[in-house]
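> got a predicted structure plus its sequence, pasted below:
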Amino acid sequence: MTDLQRLLDFAERSAVPGGFGFLGGNGQVIAERPLMTFITARKTHVFGLAQLLGRPGAGELVRHGVEALTDGPLRDAARGGWYATAEDDTKSAYVHAFVVLAGATATVVGAPGGRELLDDALDVWQTRFWDDDAGLAVEEWDAGWTRLSDYRGANANMHGVEASLAAADALGDGDPRAARLRTQALRSTERVVHGWARERAWRLPEHFTPDWTPLPEYNRDEPADPFRPYGVTIGHQFEWARLALHLRAVTPEPPAWLIDDGVALFDAAATRGWAADGADGFPYTLGWDDRVVVGARMHWVLCEAVAAAEAFAGVTGDRRYGDLARRWRAHGEERFADPVTGSWHHELTPDGRVASGTWDGQPDAYHLVQMLLLSEGRPVRGSVAATLR
C-alpha cells in the first residue's frame, strides 16, 4: 500500500529556490522545466496538510512555499497576480485558484505570511477572475491585465470551487467573505453540474465561448492536452461529484440536487469510463458517443475516482461506493505505484506500461495525497484541511 510519509519524503525533493520544481521519475527536479506556479502552490497546500498531521519539517516547507508565492519570481509584484510559470507571463484562473488554495491551507496552519497570501490571492480572484453576472470565473489575462482571452473553461472553475471552499474554511464564519465564497462556489457548481452536465445526460462540457456557449469540438486536433483535452474528461466528472458533497457539508439547507446530481455524475463517470476500451482502468477522455478518445491512464483520474467513491461512501452509507473505492485503489497499487519513489507513475498505457504522452515524471503529489487522506474514513467537510483540523 502507498505510504503517505514515504510519498511526502519524495515530494520534499522538489524544493528549489523560488518554489517547488517539476520532479522526474528518478526523484530529481527536471532542470529544463520552468518553475510552475500551480505546482508550487499545490505543494505548499500538500505540505500544509502534512503539517496538520504533525509531520516534522512540514512547517518549514509551507513557509518556503508562502515566501516563494509572496516574494519569488512567480508573483508580479508591480501589477498584481501570479504568472503561469517563470517563462510564461500569462495569468490564468487555474493558477490563481491554486494560489488561493495554498494561502488558505497556510492560513489554517498559521504559517508566517499565510493570511497575507490568502488575502492577496482572494483580492485578485474577486477583482480579475470572478464574473458575478455569469456566476463563474473567466479564464486568462495577459501580464498587464489588459487583454482577456475569449476562452472560458470548466476546469479552472472546478478548482475555483475547491479553493473558495478552502478559503471560506480558513477565514471562518466571522469573516463575511466566507459566506460570499461559499455562495459563489454553489453558483458555479449549479451552472456546471445542475445545468450543463444534467442537460447533456451527464457528459460534462469543458470548453466555452465568452458567453458560455459550449464548444464540444474544442481541441479535437489536440485531444490529449493536459489542461484542455477534447471531449469528456472522466477525472473531472469525479472531482465535480465530490465537490458537490463538500459544498453540501457547508451549505445551510442544501438543495437536494447537490447529492442527486453528484450521484448521477459519479455513476456516469464510473459506468462509462471504467474499462471503456476493454482494458481495466479509466481512460483520460471519452468522445460524446462514450467511445475512448485518449486511452492513456492518468494517475490523477484514478485518484479522483477513489477519493469521490470514499466521499460518497461516507455521506450515503451505501456499501457499493466503498467496494468501488477498494477495487479502484487496488488497481492503482498494482499498476501505478512506483516502489522506487513511493509515488505513483503519472501516466500509463492501457496495458500498464509507463508513458509520457501528456505527463512525464512524477511532479504532482496533490491528487494522491488527498486521495490517501480521504480514504481514511474522515468526514466530508468544506475542505480537506478542515477535515484534518
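Cool, the structure landed.
> going forward, measure contacts between C-alpha atoms and count neighbours the same way
Noted.
> did I read that right, residue 224 in a strand?
No - counting by DSSP: H, G, I helix; E, B strand; the rest coil, residue 224 is not found in a strand; it is coil.
> which stretches of the chain form strands?
15-16, 19-20, 91-92, 130-131, 136-137, 140-141, 152-153, 207-208, 232-233, 285-286, 292-294, 297-298, 347-348 (DSSP state E).
> check which helices and strands the fourth one sits against.
Which is strand 130-131. For strand 130-131, the packing partners by 3 or more Cα pairs under 8 Å, 6 or more residues apart in numbering; DSSP states H and E come out as strand 136-137.
> picking up where we left off before, make JSON lines out of the strands of the chain and add distance to residue 48, mean neighbour count and mean pLDDT.
Below are those laid out as JSON lines (distance: least, Cα to Cα, whole Å; neighbours: other Cα atoms under 10 Å; pLDDT from 0 to 100):
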{"stretch": "strand 15-16", "distance to residue 48": "14", "mean neighbour count": "17", "mean pLDDT": "98"}
{"stretch": "strand 19-20", "distance to residue 48": "14", "mean neighbour count": "26", "mean pLDDT": "98"}
{"stretch": "strand 91-92", "distance to residue 48": "23", "mean neighbour count": "24", "mean pLDDT": "98"}
{"stretch": "strand 130-131", "distance to residue 48": "26", "mean neighbour count": "16", "mean pLDDT": "98"}
{"stretch": "strand 136-137", "distance to residue 48": "26", "mean neighbour count": "26", "mean pLDDT": "98"}
{"stretch": "strand 140-141", "distance to residue 48": "27", "mean neighbour count": "22", "mean pLDDT": "98"}
{"stretch": "strand 152-153", "distance to residue 48": "28", "mean neighbour count": "24", "mean pLDDT": "98"}
{"stretch": "strand 207-208", "distance to residue 48": "32", "mean neighbour count": "20", "mean pLDDT": "98"}
{"stretch": "strand 232-233", "distance to residue 48": "28", "mean neighbour count": "26", "mean pLDDT": "98"}
{"stretch": "strand 285-286", "distance to residue 48": "31", "mean neighbour count": "26", "mean pLDDT": "98"}
{"stretch": "strand 292-294", "distance to residue 48": "34", "mean neighbour count": "20", "mean pLDDT": "98"}
{"stretch": "strand 297-298", "distance to residue 48": "25", "mean neighbour count": "26", "mean pLDDT": "98"}
{"stretch": "strand 347-348", "distance to residue 48": "26", "mean neighbour count": "23", "mean pLDDT": "98"}
